[in-house]
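Peer 1: build the 3D model from these lines:
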Amino acid sequence: MCDIATLVGRLKDIRWVWSVSGMAPVFVALSATHVETVPGRWTYIIASGPKLSVYTEDDRIEFLEITMDVFLNPHRLQPGEYEQKVEEYFSKYEKAVASAEQILGPPAFDDGWGSEGFPEDQEAVCLAQWNLLNARLMIQQKHEDKELPFRLCVVITPPVSLA
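Peer 2: As a prediction, the model looks like this:
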């Protein structure tokens, strides 16, 4: 797993412009190398290792997702192993939030799905959100279904007023 504090430190200083034409400084700041384009998504590898996905609609950037850690095929785990993996990824989430908090201060929100104040436009098991100038930076622990991977992600979206 890449160092969350280093990544967050780089992300917090970016001047976020939510258009395709405004993304060049982001790719430079992250030393990102383009690897694939499919309709609605660009994929990059960041110099420090994680995968960056940029989701677009026309000329608008909807959000960026940086996968910091992933565990594939959780459906192959025995029930006890699966529960250990749930606990492991929650622990990784807590450590990532604590690291980001050293750079950004306390999050504006930090709780699980279904909690009061959980961002309506997001899907995650747990989410911590910081409000930056013209962006929301989130650390998310995701696991959408037992057959889908456990993931720890950094997600950057426009502020709610622009979303």
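Peer 1: what about the residue lying closest to residue 159 once chain neighbours are set aside, which helix or strand?
Peer 2: Leaving aside its chain neighbours, residue 159 sits nearest to residue 136 (5.9 Å; criterion: Cβ to Cβ, 6 or more residues apart in numbering). (C-beta placed from N, C-alpha, C; glycine too.) Following DSSP states H and E, one finds residue 136 within strand 135-142.
Peer 1: note down every partner strand of that strand and its orientation.
Peer 2: Paired neighbours of strand 135-142 in the sheet (DSSP bridges): strand 126-132 (antiparallel), strand 150-157 (antiparallel).
Peer 1: which SSE is immediately downstream of the longest strand seen in the chain?
Peer 2: The single longest strand within the chain, with elements called by DSSP state E, is strand 60-71. The first helix or strand that comes after strand 60-71 along the chain, using DSSP H and E, is helix 79-104.
Peer 1: what's the angle between that next one and strand 150-157?
Peer 2: 30 degrees (axes from the mean of the first three to the mean of the last three Cα atoms, to 10 degrees).
Peer 1: from the contact counts, what lies against helix 79-104?
Peer 2: helix 4-12, strand 60-71, strand 126-132, strand 135-142, strand 150-157 (3 or more Cβ pairs under 8 Å, 6 or more residues apart in numbering; DSSP states H and E).
Peer 1: any chance of a markdown table for those, columns distance to residue 104 and mean neighbour count?
Peer 2: Listed next are those as a markdown table, based on distance: least, Cβ to Cβ, whole Å; neighbours: other Cβ atoms under 10 Å:
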| stretch | distance to residue 104 | mean neighbour count |
| --- | --- | --- |
| helix 4-12 | 6 | 18 |
| strand 60-71 | 15 | 19 |
| strand 126-132 | 5 | 20 |
| strand 135-142 | 7 | 24 |
| strand 150-157 | 11 | 22 |
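Peer 1: separation between the spatially most central residue of the chain and residue 146?
Peer 2: Residue closest to the average C-alpha location in the chain (Cα atoms, centre = their mean): residue 154, at 2.1 Å. Per Cβ to Cβ, to the nearest Å, residue 154 is found 24 Å from residue 146.
Peer 1: now residue 61
Peer 2: Separation of residue 61 from residue 146 (Cβ to Cβ): 31 Å.
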